[in-house]
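1. got a sequence here, can you model it:
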Amino acid sequence: MGQRMKVLIIVALSLTGLASLLAMPQAQPDARARELIRTLKLTVLPKESGYLGIIGRSEQMVTVDGRALAVQSQNYYMLTRDLPINYLHWLAPDDTHILIEGGPVDYFIFHPDGHAEKVTLGMDLAASQRPVVAVPGGCWKALRLHAGASYALMANTLSPEFTSDRVKIGAGPEWVKRYTNSAPWATPHELRELIGPNFTAQ
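-> Take a look at the predicted model:
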């Protein structure tokens, strides 16, 4: 067999293999996100957006302002390409987020003293990302999935536990005015985007 014929056979076999590969069903980029939503029984979180799954609360109790609360509550939380933003909200408890898979996610944290910071939850430590983000109680915050990411699954713990009367969702012009220029990225347009549909006129 001549050298030229050998080359032609190798090329033909390579093209056949490539054709077979292309004919195989390709995994959808959001298939894993859908699997997680189904398996963990995540549901859409109203107003804040994203997907939430309640894990539970600790049996240990603590007294806060004369009220008995569980020391901690735990959730799954996920952002996806269809719901990439967790809109601005305020929480009384400390809120610690741990990345399980996916990401990265930017955390925009607005402190009571008027300063703001952006922290990226992710696994690229060389790029200053961190796998855990701890947000102190009494802060406003919003989350946004990076544009190139399909999803981010997180676990978050709230200490003491989350209760519906210790959360605020959305803000208005006075809030935007207060935090404008509190960080280099904190423009009125960016702040308004983080508030999203929960922007109020007051």
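2. bridging residues for the most centrally placed residue in the chain?
-> When Cα atoms, centre = their mean is applied to the chain, the residue found nearest the centroid is L79 (4.7 Å). Taking DSSP bridges as the rule, L79 bridges to A152.
3. for it, give me its contacts.
-> G50, Y51, I85, N86, V105, L143, R144, L145, Y151, A152 (Cβ atoms under 8 Å, 6 or more residues apart in numbering). For every residue, glycine as well, the C-beta is placed using N, CA and C.
4. now swap in P93 and tell me
-> Taking Cβ under 8 Å, 6+ apart, we find P93 in contact with G137, L158, S159, P160, E161, F162, R166.
5. just so I have it, where are all the helices in this protein?
-> Secondary structure of the chain (DSSP state H): helices located at 3-23, 31-39, 173-179, 188-195.
6. which secondary structure elements does the third one contact?
-> Packed against helix 173-179, as judged by 3 or more Cβ pairs under 8 Å, 6 or more residues apart in numbering; DSSP states H and E, are the following elements: helix 188-195.
7. repeat for the second one
-> Contact analysis of helix 31-39 by 3+ Cβ pairs under 8 Å, 6+ apart lists strand 73-80, strand 151-159 as its packing neighbours.
8. adding mean pLDDT and distance to L45, write these out as JSON lines.
-> Below are the helices and strands packed on helix 31-39 laid out as JSON lines (pLDDT from 0 to 100; distance: least, Cβ to Cβ, whole Å):
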{"stretch": "strand 73-80", "mean pLDDT": "98", "distance to L45": "8"}
{"stretch": "strand 151-159", "mean pLDDT": "98", "distance to L45": "12"}
